[in-house]
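Q: sequence-free structure coming up:
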(Lines give C-alpha, C1' and ligand atoms only; values in the text may rest on other atoms or scores of the structure.)
Protein backbone atom coordinates (compact mmCIF):
# COMPACT_ATOMS: atom_id res chain seq x y z
CA UNK A 1 0.00 0.00 0.00
CA UNK A 2 1.18 3.51 -0.76
CA UNK A 3 0.69 6.09 2.00
CA UNK A 4 -1.17 9.32 1.32
CA UNK A 5 1.66 11.25 3.03
CA UNK A 6 4.94 10.44 4.74
CA UNK A 7 4.13 11.90 8.18
CA UNK A 8 0.92 12.87 9.96
CA UNK A 9 1.33 15.29 12.88
CA UNK A 10 -1.65 15.39 15.24
CA UNK A 11 -1.99 18.72 17.04
CA UNK A 12 -0.90 22.17 15.85
CA UNK A 13 0.39 23.33 19.19
CA UNK A 14 3.91 24.68 19.67
CA UNK A 15 5.63 21.31 19.15
CA UNK A 16 3.56 20.34 16.11
CA UNK A 17 3.88 23.74 14.45
CA UNK A 18 7.62 24.01 14.96
CA UNK A 19 8.26 20.50 13.61
CA UNK A 20 6.02 21.10 10.58
CA UNK A 21 7.72 24.45 9.94
CA UNK A 22 11.17 22.88 9.89
CA UNK A 23 10.02 20.10 7.59
CA UNK A 24 8.42 22.68 5.27
CA UNK A 25 11.73 24.45 4.63
CA UNK A 26 14.00 21.40 4.69
CA UNK A 27 16.11 20.91 1.59
CA UNK A 28 17.77 17.72 2.88
CA UNK A 29 14.87 15.38 2.20
CA UNK A 30 11.38 16.00 0.83
CA UNK A 31 8.79 14.80 3.33
CA UNK A 32 5.05 15.08 2.71
CA UNK A 33 3.24 16.12 5.90
CA UNK A 34 -0.37 16.43 7.06
CA UNK A 35 -0.77 18.62 10.17
CA UNK A 36 -4.18 18.03 11.78
CA UNK A 37 -5.72 20.41 14.31
CA UNK A 38 -9.06 20.06 16.06
CA UNK A 39 -9.58 23.81 16.57
CA UNK A 40 -11.31 25.74 13.81
CA UNK A 41 -8.30 28.02 13.48
CA UNK A 42 -4.78 28.36 14.86
CA UNK A 43 -4.82 30.68 17.82
CA UNK A 44 -1.94 33.13 17.67
CA UNK A 45 -1.31 33.81 21.32
CA UNK A 46 -0.06 37.25 22.25
CA UNK A 47 1.34 35.94 25.52
CA UNK A 48 4.98 35.37 26.38
CA UNK A 49 6.66 32.13 27.35
CA UNK A 50 9.03 32.09 30.28
CA UNK A 51 12.34 30.41 29.64
CA UNK A 52 15.51 29.51 31.46
CA UNK A 53 18.48 28.76 29.24
CA UNK A 54 22.10 27.94 29.88
CA UNK A 55 24.71 29.94 28.05
CA UNK A 56 24.16 33.19 26.22
CA UNK A 57 20.55 34.34 25.70
CA UNK A 58 18.95 33.78 22.34
CA UNK A 59 18.09 36.66 20.06
CA UNK A 60 14.43 35.62 20.09
CA UNK A 61 14.09 36.65 23.72
CA UNK A 62 11.83 39.67 24.15
CA UNK A 63 13.57 40.33 27.46
CA UNK A 64 15.98 38.47 29.73
CA UNK A 65 17.44 38.85 33.20
CA UNK A 66 20.72 37.69 34.77
CA UNK A 67 19.18 37.49 38.25
CA UNK A 68 15.89 36.99 40.02
CA UNK A 69 14.32 38.03 43.30
CA UNK A 70 12.23 35.89 45.62
CA UNK A 71 10.46 36.89 48.82
CA UNK A 72 8.31 35.51 51.64
CA UNK A 73 6.80 38.01 54.03
CA UNK A 74 9.40 40.63 54.90
CA UNK A 75 12.29 38.42 53.85
CA UNK A 76 13.74 38.69 50.37
CA UNK A 77 16.86 37.65 48.54
CA UNK A 78 18.27 38.18 45.05
CA UNK A 79 20.29 35.51 43.29
CA UNK A 80 22.25 35.74 40.08
CA UNK A 81 22.12 32.90 37.60
CA UNK A 82 25.53 31.28 37.25
CA UNK A 83 25.18 29.30 34.03
CA UNK A 84 22.27 30.93 32.23
CA UNK A 85 19.61 33.60 32.05
CA UNK A 86 15.88 33.84 32.54
CA UNK A 87 14.05 35.20 29.53
CA UNK A 88 10.71 35.76 27.85
CA UNK A 89 9.85 34.68 24.32
CA UNK A 90 6.94 36.25 22.48
CA UNK A 91 4.52 33.53 21.40
CA UNK A 92 2.64 35.40 18.68
CA UNK A 93 5.66 35.96 16.43
CA UNK A 94 6.83 32.35 16.64
CA UNK A 95 3.39 30.89 15.92
CA UNK A 96 2.57 33.29 13.09
CA UNK A 97 5.92 32.66 11.42
CA UNK A 98 5.29 28.91 11.52
CA UNK A 99 1.77 29.25 10.12
CA UNK A 100 2.98 31.48 7.28
CA UNK A 101 5.81 29.09 6.39
CA UNK A 102 3.50 26.07 6.38
CA UNK A 103 0.90 27.90 4.26
CA UNK A 104 3.54 28.64 1.61
CA UNK A 105 4.78 25.05 1.46
CA UNK A 106 3.69 22.49 -1.13
CA UNK A 107 4.77 19.55 1.01
CA UNK A 108 3.08 20.46 4.33
CA UNK A 109 -0.70 20.70 4.52
CA UNK A 110 -2.34 22.26 7.60
CA UNK A 111 -5.95 21.19 8.14
CA UNK A 112 -8.00 22.77 10.95
CA UNK A 113 -11.36 21.78 12.37
CA UNK A 114 -10.49 18.08 12.04
CA UNK A 115 -11.49 15.57 14.70
CA UNK A 116 -9.81 12.18 15.03
CA UNK A 117 -12.26 9.26 15.25
CA UNK A 118 -9.98 6.20 15.06
CA UNK A 119 -6.38 5.17 14.46
CA UNK A 120 -5.07 1.75 13.47
CA UNK A 121 -2.10 0.15 11.75
CA UNK A 122 -2.33 -2.05 8.69
CA UNK A 123 0.13 -3.21 6.07
CA UNK A 124 3.02 -1.25 7.56
CA UNK A 125 1.04 2.02 7.56
CA UNK A 126 -0.99 4.00 10.08
CA UNK A 127 -4.53 4.86 9.00
CA UNK A 128 -6.47 7.68 10.65
CA UNK A 129 -10.23 8.00 10.39
CA UNK A 130 -11.07 11.69 10.69
CA UNK A 131 -14.11 13.93 10.32
CA UNK A 132 -12.81 14.80 6.84
CA UNK A 133 -12.17 11.26 5.70
CA UNK A 134 -9.36 8.74 6.04
CA UNK A 135 -5.66 9.48 5.62
CA UNK A 136 -2.68 7.13 5.91
CA UNK A 137 1.01 7.69 6.54
CA UNK A 138 4.24 5.85 7.15
CA UNK A 139 4.55 7.60 10.54
CA UNK A 140 2.16 9.37 12.89
CA UNK A 141 3.37 11.76 15.59
CA UNK A 142 0.79 12.62 18.24
CA UNK A 143 1.65 15.93 19.96
CA UNK A 144 -1.61 16.42 21.84
CA UNK A 145 -1.33 17.32 25.55
CA UNK A 146 -1.84 14.36 27.81
CA UNK A 147 -1.87 15.68 31.35
CA UNK A 148 -5.59 16.22 31.92
CA UNK A 149 -6.57 12.56 32.29
CA UNK A 150 -3.78 12.06 34.85
CA UNK A 151 -4.76 15.01 37.03
CA UNK A 152 -6.51 12.85 39.60
CA UNK A 153 -3.26 10.99 40.30
CA UNK A 154 -1.20 14.14 40.86
CA UNK A 155 -0.49 15.07 44.50
CA UNK A 156 -0.26 18.77 43.60
CA UNK A 157 -2.26 20.81 41.08
CA UNK A 158 -2.18 24.42 40.00
CA UNK A 159 -4.57 27.07 38.77
CA UNK A 160 -3.70 30.60 37.79
CA UNK A 161 -4.26 33.75 35.80
CA UNK A 162 -2.02 35.73 33.51
CA UNK A 163 -2.48 39.34 32.50
CA UNK A 164 -0.58 41.42 29.99
CA UNK A 165 -0.54 45.07 31.01
CA UNK A 166 0.36 48.12 28.96
CA UNK A 167 0.09 51.37 30.84
CA UNK A 168 2.02 54.48 31.84
CA UNK A 169 5.43 54.49 33.53
CA UNK A 170 3.83 55.30 36.86
CA UNK A 171 2.75 51.70 37.38
CA UNK A 172 6.13 50.01 37.14
CA UNK A 173 9.35 51.59 38.23
CA UNK A 174 11.61 52.24 35.20
CA UNK A 175 14.60 50.76 37.01
CA UNK A 176 12.90 47.40 37.42
CA UNK A 177 15.40 45.02 35.79
CA UNK A 178 14.83 41.66 37.48
CA UNK A 179 11.97 39.31 38.24
CA UNK A 180 9.97 40.18 41.34
CA UNK A 181 8.50 37.26 43.23
CA UNK A 182 6.27 37.50 46.24
CA UNK A 183 5.27 34.37 48.02
CA UNK A 184 2.37 34.20 50.47
CA UNK A 185 0.59 31.42 52.28
CA UNK A 186 -3.09 30.43 51.99
CA UNK A 187 -3.68 27.44 54.20
CA UNK A 188 -1.32 24.79 52.90
CA UNK A 189 -1.25 26.24 49.40
CA UNK A 190 1.58 28.09 47.72
CA UNK A 191 0.64 31.22 45.79
CA UNK A 192 3.14 33.01 43.59
CA UNK A 193 2.49 36.51 42.31
CA UNK A 194 4.96 37.34 39.56
CA UNK A 195 5.80 40.49 37.65
CA UNK A 196 7.78 40.02 34.44
CA UNK A 197 8.74 43.56 33.37
CA UNK A 198 9.27 43.94 29.62
CA UNK A 199 9.56 47.71 29.73
CA UNK A 200 8.65 50.61 31.99
CA UNK A 201 5.10 50.58 30.63
CA UNK A 202 4.67 46.92 29.66
CA UNK A 203 4.69 43.84 31.86
CA UNK A 204 3.33 40.34 32.24
CA UNK A 205 1.51 39.70 35.52
CA UNK A 206 0.93 36.18 36.72
CA UNK A 207 -0.64 34.67 39.82
CA UNK A 208 -0.39 30.90 40.26
CA UNK A 209 -1.60 28.70 43.08
CA UNK A 210 -0.14 25.27 43.84
CA UNK A 211 -2.22 23.17 46.21
CA UNK A 212 -2.88 19.55 47.20
CA UNK A 213 -5.06 17.76 44.67
CA UNK A 214 -7.95 17.34 47.14
CA UNK A 215 -8.10 21.08 47.89
CA UNK A 216 -10.68 22.63 45.56
CA UNK A 217 -10.61 26.18 46.95
CA UNK A 218 -9.89 28.83 44.37
CA UNK A 219 -7.75 31.70 45.63
CA UNK A 220 -8.76 35.28 45.03
CA UNK A 221 -6.48 35.85 42.04
CA UNK A 222 -8.45 38.84 40.82
CA UNK A 223 -7.81 40.74 44.03
CA UNK A 224 -4.13 39.82 43.91
CA UNK A 225 -3.81 41.11 40.36
CA UNK A 226 -5.82 44.24 41.13
CA UNK A 227 -3.39 45.00 43.93
CA UNK A 228 -0.43 44.64 41.58
CA UNK A 229 -2.01 46.33 38.57
CA UNK A 230 -3.38 49.11 40.77
CA UNK A 231 -6.59 49.71 38.84
CA UNK A 232 -5.12 49.73 35.34
CA UNK A 233 -6.92 47.98 32.50
CA UNK A 234 -5.54 44.50 31.92
CA UNK A 235 -6.36 41.50 29.78
CA UNK A 236 -6.77 38.80 32.43
CA UNK A 237 -7.40 35.18 31.53
CA UNK A 238 -7.99 32.21 33.82
CA UNK A 239 -5.72 29.23 33.37
CA UNK A 240 -7.00 25.71 33.25
CA UNK A 241 -6.02 23.35 36.02
CA UNK A 242 -2.83 21.47 35.38
CA UNK A 243 -0.85 18.70 37.05
CA UNK A 244 2.46 19.32 38.70
CA UNK A 245 5.49 17.58 37.16
CA UNK A 246 6.82 16.63 40.58
CA UNK A 247 3.95 14.16 40.87
CA UNK A 248 3.73 12.66 37.40
CA UNK A 249 6.33 10.86 35.32
CA UNK A 250 7.12 12.04 31.83
CA UNK A 251 7.28 8.51 30.50
CA UNK A 252 4.60 7.68 27.95
CA UNK A 253 3.00 4.26 27.45
CA UNK A 254 4.93 2.09 25.03
CA UNK A 255 3.56 2.51 21.50
CA UNK A 256 4.13 -0.25 19.02
CA UNK A 257 4.48 0.16 15.31
CA UNK A 258 4.61 3.57 13.69
CA UNK A 259 2.68 5.76 16.16
CA UNK A 260 4.85 8.03 18.27
CA UNK A 261 3.64 9.98 21.29
CA UNK A 262 5.43 13.30 21.71
CA UNK A 263 2.92 15.57 23.44
CA UNK A 264 3.56 17.79 26.42
CA UNK A 265 2.01 17.08 29.78
CA UNK A 266 1.18 20.77 30.14
CA UNK A 267 2.53 20.69 33.68
CA UNK A 268 4.90 23.54 34.46
CA UNK A 269 5.19 24.23 38.18
CA UNK A 270 5.08 27.96 37.52
CA UNK A 271 7.47 29.51 40.00
CA UNK A 272 8.94 31.57 37.17
CA UNK A 273 6.18 31.29 34.60
CA UNK A 274 3.88 28.36 34.07
CA UNK A 275 4.56 27.61 30.43
CA UNK A 276 8.32 27.93 30.31
CA UNK A 277 9.13 24.28 30.82
CA UNK A 278 6.76 23.10 28.12
CA UNK A 279 7.90 25.74 25.62
CA UNK A 280 11.54 24.78 26.08
CA UNK A 281 10.81 21.08 25.80
CA UNK A 282 8.69 21.63 22.68
CA UNK A 283 11.43 23.60 20.93
CA UNK A 284 14.13 21.10 21.90
CA UNK A 285 12.00 18.14 20.86
CA UNK A 286 11.10 19.69 17.48
CA UNK A 287 14.79 20.00 16.65
CA UNK A 288 15.54 16.38 17.56
CA UNK A 289 12.45 15.08 15.77
CA UNK A 290 13.37 17.01 12.60
CA UNK A 291 16.86 15.54 12.54
CA UNK A 292 15.49 12.04 13.02
CA UNK A 293 12.83 12.29 10.31
CA UNK A 294 15.14 13.80 7.70
CA UNK A 295 17.60 10.97 8.35
CA UNK A 296 14.95 8.28 8.09
CA UNK A 297 14.83 7.45 11.79
CA UNK A 298 11.80 7.39 14.11
CA UNK A 299 11.34 10.61 16.13
CA UNK A 300 12.14 10.56 19.84
CA UNK A 301 9.60 10.68 22.64
CA UNK A 302 9.79 12.86 25.71
CA UNK A 303 12.63 12.34 28.11
CA UNK A 304 11.46 10.40 31.13
CA UNK A 305 11.74 12.00 34.55
CA UNK A 306 13.40 9.64 36.99
CA UNK A 307 11.35 8.40 39.95
CA UNK A 308 13.95 9.65 42.45
CA UNK A 309 13.77 13.12 40.91
CA UNK A 310 9.99 13.18 41.25
CA UNK A 311 10.12 12.04 44.87
CA UNK A 312 12.77 14.61 45.75
CA UNK A 313 10.78 17.34 43.99
CA UNK A 314 7.65 16.43 45.92
CA UNK A 315 9.63 16.61 49.16
CA UNK A 316 10.80 20.13 48.24
CA UNK A 317 7.23 21.30 47.57
CA UNK A 318 6.02 19.70 50.79
CA UNK A 319 8.73 21.51 52.71
CA UNK A 320 7.74 24.84 51.17
CA UNK A 321 4.05 24.23 51.85
CA UNK A 322 4.69 23.79 55.57
CA UNK A 323 6.87 26.91 55.78
CA UNK A 324 7.04 29.11 52.65
CA UNK A 325 9.84 31.24 54.13
CA UNK A 326 12.15 28.29 53.46
CA UNK A 327 12.17 29.40 49.84
CA UNK A 328 14.26 32.40 50.86
CA UNK A 329 16.64 30.14 52.77
CA UNK A 330 16.97 27.90 49.74
CA UNK A 331 17.70 30.87 47.52
CA UNK A 332 20.43 32.07 49.87
CA UNK A 333 22.14 28.70 50.14
CA UNK A 334 21.91 27.49 46.54
CA UNK A 335 22.53 28.78 43.05
CA UNK A 336 19.64 30.51 41.35
CA UNK A 337 19.98 28.03 38.50
CA UNK A 338 19.27 24.99 40.67
CA UNK A 339 16.30 26.62 42.37
CA UNK A 340 14.62 27.62 39.12
CA UNK A 341 15.27 24.27 37.44
CA UNK A 342 13.95 22.28 40.38
CA UNK A 343 10.83 24.33 40.95
CA UNK A 344 9.78 24.49 37.31
CA UNK A 345 10.02 20.72 37.01
CA UNK A 346 13.18 20.46 34.91
CA UNK A 347 15.67 19.95 37.71
CA UNK A 348 17.76 16.87 38.36
CA UNK A 349 17.79 14.61 41.39
CA UNK A 350 20.93 16.43 42.55
CA UNK A 351 19.13 19.79 42.27
CA UNK A 352 16.35 18.53 44.51
CA UNK A 353 18.76 17.09 47.08
CA UNK A 354 20.63 20.39 47.24
CA UNK A 355 17.37 22.24 47.85
CA UNK A 356 16.31 19.80 50.57
CA UNK A 357 19.63 20.38 52.29
CA UNK A 358 19.39 24.17 51.84
CA UNK A 359 15.87 24.39 53.25
CA UNK A 360 16.33 22.19 56.28
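A: Happy to help now that I have it. Treat the numbers as computed from the prediction; the structure is a model and nothing was measured.

Q: Mind listing the strands the helix or strand harbouring residue 207 pairs with, and their directions?
A: In the assignment (DSSP states H and E), residue 207 maps to strand 202-212. Here the strand partners of strand 202-212, with direction, are listed using DSSP bridges: strand 156-166 (antiparallel), strand 189-199 (antiparallel).

Q: what about residue 189, how many neighbours?
A: Summarising burial for residue 189: neighbours were counted as other C-beta atoms under 10 Å, giving 18. For the C-beta atoms, the positions are set from N, CA and C on the backbone; glycine is no exception.

Q: Leaving out the residues flanking it, which one is nearest to it?
A: The shortest distance from residue 189 to any non-neighbouring residue, by C-beta to C-beta, 6 or more residues apart in numbering, is to residue 211 (3.9 Å).

Q: what residues are up against the closest residue to residue 116 other than its chain neighbours?
A: In this structure, residue 116 finds its nearest non-sequential neighbour in residue 130, 5.7 Å apart by C-beta to C-beta, 6+ apart. Residue 130 makes contact with 36, 114, 115, 116, 117, according to C-beta atoms under 8 Å, 6 or more residues apart in numbering.

Q: I'd assumed residue 39 was in contact with the second one.
A: This means residue 114. No. Under the criterion of C-beta atoms under 8 Å, residue 114 makes no contact with residue 39, lying 9.4 Å away.

Q: so where's the stretch 251-360 of the chain uncertain?
A: Regions of the stretch 251-360 of the chain meeting the criterion pLDDT under 70 cover residues 251-257, 264-278, 303-305, 342-346.

Q: what about the strands in it?
A: Using DSSP state E, counting those that start in this stretch, the strands assigned to the stretch 251-360 of the chain run over residues 259-261.

Q: Return the per-residue confidence for the closest residue to residue 190 other than its chain neighbours.
A: Closest residue to residue 190 in three dimensions, ignoring its sequence neighbours and counting by C-beta to C-beta, 6+ apart: residue 210, at 4.5 Å. Residue 210 is assigned a pLDDT of 75 by the prediction.

Q: same deal with residue 238?
A: Here, the pLDDT recorded for residue 238 equals 56.

Q: and the nearest residue to residue 142 once chain neighbours are set aside, what is it in contact with?
A: The spatially closest residue to residue 142, leaving aside those adjacent along the chain, is residue 10, at 4.6 Å (C-beta to C-beta, 6+ apart). Residues touching residue 10, when contacts are defined by C-beta under 8 Å, 6+ apart, comprise 16, 36, 116, 128, 140, 141, 142, 143, 144.

Q: for those, which one is nearest residue 90?
A: Of all the contacts of residue 10, the one sitting nearest residue 90 is residue 16; the distance, using C-beta to C-beta, is 19.0 Å.

Q: helix/strand/coil for residue 144?
A: For residue 144, the assignment made with DSSP: H, G, I helix; E, B strand; the rest coil gives coil.

Q: contacting residues around the helix or strand that residue 17 is a member of?
A: In the assignment (DSSP H and E), residue 17 maps to helix 14-24. The set of residues external to helix 14-24 that reach it, using C-beta under 8 Å, 6+ apart, is 7, 9-10, 12, 31, 33, 35, 37, 42, 91, 94-95, 97-99, 101-102, 104-105, 107-108, 110, 141, 143, 262-264, 278-279, 282-283, 285-287, 289-290, 293-294.

Q: So which of the contacts of residue 130 belong to strands?
A: For the contacts of residue 130, membership in strands holds for 36, 116, 117, with DSSP state E as the criterion.

Q: Can you report how many residues lie near the first one?
A: The one in question is residue 36. Residue 36: 26 neighbours (other C-beta under 10 Å).

Q: Check residue 92 too.
A: 13.

Q: Only the buried residues of the helix or strand harbouring it, if you could.
A: Take DSSP H and E as the rule and residue 92 turns out to sit in helix 91-103. Counting neighbours by 16 or more other C-beta atoms under 10 Å, one finds that the buried residues in helix 91-103 are 91, 94, 95, 98, 99, 101, 102.

Q: my guess is the third one contacts residue 49, does it?
A: No. In this structure, residue 95 sits apart from residue 49 without contact. The criterion is C-beta under 8 Å, and the distance is 10.6 Å.

Q: sorry, back to before: residue 114 and residue 39: who's more crowded?
A: Counted by other C-beta under 10 Å, residue 114 and residue 39 do not tie: residue 114 has more neighbours, with 22 against 12.

Q: tell me the contacts of that one?
A: Residue 114 makes contact with 36, 37, 38, 130, 131, 132 under the criterion C-beta under 8 Å, 6+ apart.

Q: which residue packs closest to it, ignoring adjacent ones?
A: For residue 114, the nearest residue in space outside its immediate sequence neighbours is residue 36; the separation is 4.7 Å by C-beta to C-beta, 6+ apart.

Q: Low-confidence stretches in the stretch 1-150 of the chain?
A: Per-residue confidence for the stretch 1-150 of the chain (pLDDT under 70) gives these ranges: 1, 45-48, 57, 59-60, 71-75, 146-150.

Q: for the contacts of residue 114, which one is nearest residue 80?
A: When the contacts of residue 114 are compared for distance to residue 80, the smallest value, 41.3 Å, is given by residue 37; criterion: C-beta to C-beta.

Q: give me the number of residues near that closest one?
A: Residue 37 is surrounded by 21 other residues when neighbours are defined as other C-beta under 10 Å.

Q: Can you report how many residues lie near residue 121?
A: Applying other C-beta under 10 Å, we find 14 residues neighbouring residue 121.

Q: So it, which state does it fall into?
A: strand.
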